[in-house]
Each structure stands twice: as structure tokens, then as C-alpha cells.
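In: Any chance you can model this:
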Amino acid sequence: MVIAKMDYWDNYYENERMEEIRTVNNLTAMAERTADRIAYEELKAQKEEEKKKADEAVRIAEEQKRKQAQEAMVNDILRQSPRYNQYILSLNTGDTGSGDTASRGGKKGEPVYASSHGKSLGKFVITAYCTCKICCGIYSGHNRTASGTVPTTNRTIAVDTNVIPFGTKVVFNGQVYVAEDKGGAINGNRIDLFFYTHKEALNWGKKTMEVYLAD
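Out: Model (predicted):
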């Protein structure tokens with residue numbers, strides 16, 4: 001009887017011990033599977049990031065090639081234009097007084113400096129022009145703006161009249177200018193500032209400035 005009870009308890013504790021071992025083994029296996037899953041997800045994310053970077057590098061390279069091809073095509077077209085060749089000559093030599101670079105219209109004016117200004121009209125791209133053939137083409141040498149005034153330095157600007165109507169006085173670069181001219185390429189928030197010579201217009205280049213209504 002005593003031996004039977006001892007066998008019973010031996011079997012009972014053995015079963016308990018085996019159950020504990022199985023539980024530990026299951027937890028260990030679960031932890032290993034979790035670790036494997038985490039490692040897999042990390043590796044997957046790393047591969048996806050590498051692919052993303054590689055795809056972006058390819059896209060940038062293709063975009064650069066496309067731009068270079070477009071620039072080459074435009075340059076080939078421009079090189080066939082006598083006006084372009086004359087423009088390059090003016091850049092290299094500073095020739096602004098003869099041929100296509102000769103300004104034959106307009107007059108010089110004194111700057112009107114602004115001590116204050118009204119509300120902002122926003123940021124504008126401000127380029128420059130004179131009355132030479134490069135800047136004005138068939139209209140070169142004309143002594144009148146689109147509004148009928150004489151183009152005057154330190155005063156006349158060409159504008160998009162849907163944005164700034166003729167006669168409007170605006171302030172930028174610390175000076176007061178008047179909207180008196182317009183051009184086919186002057187659209188939206190863009191202003192063309194009149195200069196007496198082509199060299200002065202080239203020296204201005206292109207700038208972005210805040211433009212205000214004059215008081």
C-alpha cells in the first residue's frame with residue numbers, strides 16, 4: 001500500500017516536472033520565433049530602404065540626363081540664331097552701343113527714393129530690358145511704351161497689367177517705379193525694369209524682390 005502511494009506521487013511529480021519542461025520549451029521556442037520574426041522584419045525594412053535609395057538614385061540620374069538632353073537641344077537651336085550669337089558677343093565684349101545691342105529709344109531719369117510704402121503685392125521676379133533688338137526685337141528703337149509714355153530709366157517698368165495696371169506706382173529696391181510698359185514674356189508676378197543700355201540691363205540680371213504699392 002505504501003509502495004503504491006509512493007509510485008503514485010513519483011508519477012505525479014514526474015508529470016509535473018515534464019509539464020514544466022514542456023512549458024519552458026514552448027516559451028523558448030516562442031521567444032526564438034519572435035526574435036526570428038523581428039530579425040526578418042528588420043532585414044526586410046533594410047532591404048526596402050536600400051531599394052528605395054537605389055530607385056531614387058536612378059530617378060535623379062535619369063532626370064539629370066533628361067535635363068541635359070533638353071539643354072543640349074535648346075542650345076543647338078539657339079546657336080543657329082544670329083540674335084543669340086550677337087547676345088553672346090555682347091556678354092563677352094561688353095558691346096552695348098552698336099548693332100543689335102544699340103538702344104535707340106528712351107531717356108534717362110532721376111531715381112525717386114521711397115521713404116515709406118503701402119501694402120505688399122508679394123514676391124516678384126524682376127528682370128531688365130532696354131530698347132535694343134535683343135530685348136525688344138521688332139519693337140527696338142521705339143520711343144514709346146505700350147501705355148504711350150517715353151520709357152525712362154529709374155521710372156518705367158513693364159508689367160502684367162492683370163496684376164499691376166498701367167499707371168500704378170510701386171516700390172522695390174528702395175525706389176518708386178511706374179507701370180508703363182508690358183511684354184509677351186511678362187506674366188504673373190514678374191516685372192521688367194527699363195535701362196538705357198543693354199550692358200546695364202545685363203548687369204541687373206534677374207532678382208527676386210518684395211514689391212509694394214507706393215504711398
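
In: next helix or strand past the lowest-mean-pLDDT helix or strand in the chain?
Out: Lowest by mean pLDDT, DSSP states H and E among the helices and strands of the chain is helix 82-93, with a mean of 45. Downstream of helix 82-93, the first helix or strand assigned by DSSP states H and E is strand 120-129.

In: Please name every helix or strand in contact with that following strand.
Out: Under the contact criterion of 3 or more CB pairs under 8 Å, 6 or more residues apart in numbering; DSSP states H and E, strand 120-129 touches strand 169-172, strand 190-194, helix 198-204, strand 207-213. Every residue, glycine included, has its C-beta placed from N, CA and C.

In: Could you point out which of the ones you listed sits nearest Ile157?
Out: When the helices and strands packed on strand 120-129 are compared by CB to CB, strand 190-194 sits nearest Ile157, at 5.1 Å.

In: so how far is the closest one off the chain centroid?
Out: In this view, strand 190-194 has its centroid 20 Å away from the chain centroid, taken as CA atoms, centre = their mean, to the nearest Å.

In: That one to strand 207-213, inter-axis angle?
Out: 90 degrees (axes from the mean of the first three to the mean of the last three CA atoms, to 10 degrees).

In: what is the mean pLDDT for strand 190-194?
Out: For strand 190-194, mean pLDDT is 94.

In: Give the other helices and strands that that strand contacts.
Out: strand 120-129, strand 156-158, strand 175-181.

In: Now tabulate those in TSV and tack on mean pLDDT, distance to Thr28 and mean neighbour count.
Out: Output for the helices and strands packed on strand 190-194, formatted as TSV (pLDDT from 0 to 100; distance: least, CB to CB, whole Å; neighbours: other CB atoms under 10 Å):
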stretch	mean pLDDT	distance to Thr28	mean neighbour count
strand 120-129	95	66	17
strand 156-158	95	81	25
strand 175-181	96	81	22
